[in-house]
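Asker: Got a predicted structure plus its sequence, pasted below:
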Amino acid sequence: MPDHDARLDQRSINTIRFLAIDAVERAHSGTPMGAASIVYTLWERHLKFNPDWLNRDRFILSAGHASMLLYALMYLTGYSLTLEDIKQFRQRGSITPGHPEAQRTKGVAIGLDRFGASAPGEIGLKRFGFTTAHIIEVAREVLRRNG
């Protein structure tokens, strides 16, 4: 694993949290604030992302109310989201809707949105072996490695 600047990591995590705080009038901020550290670590140290690469890793966020976490990570790691896009979170016509949509936001692989529309995506993920037990096992391994 490459060396990481602990100060930069902490600033990034805090930035995620403050972006969530800024969006509190439009969304729940608890999950992005509470999960910022673990999700940042997964995103930055373990997953390989490139929105143009078909064989990239996918970050599946099925909690729509935590979508600011996804948008903040995308913003901080060089996706085509701007701070202005973040400010337009959950606004009509925005590329940062309250429930991420693959067709609307480059880098969102699958829309696991409201009203049961996530069922086809979940079935597709299970077909390729991504069960809840597998995901929990991977998360525990990441936590074990990184304390």
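Answerer: Received the coordinates, thanks.

Asker: Surely residue 67 touches residue 101?
Answerer: No: in this structure, residue 67 is not within contact of residue 101 by Cβ atoms under 8 Å, at 9.9 Å. In this view, the C-beta of every residue, glycine as well, is placed from N, C-alpha and C.

Asker: The two: who's more crowded?
Answerer: Each of residue 67 and residue 101 has its neighbours counted (other Cβ atoms under 10 Å); residue 67 has more, 27 against 17.

Asker: for this structure, where's the lowest mean pLDDT among helices and strands?
Answerer: helix 119-127 (a mean of 56; mean pLDDT, DSSP states H and E).

Asker: need the strands for this structure, in chain order.
Answerer: Assigned strands in the chain: none (criterion: DSSP state E).

Asker: Would you state the helices of the chain in chain order?
Answerer: Secondary structure of the chain by DSSP state H: the helices cover 6-22, 30-45, 67-76, 83-87, 119-127, 132-146.

Asker: To residue 93, which of the ones you listed lies closest?
Answerer: helix 83-87 (11.3 Å; Cβ to Cβ).
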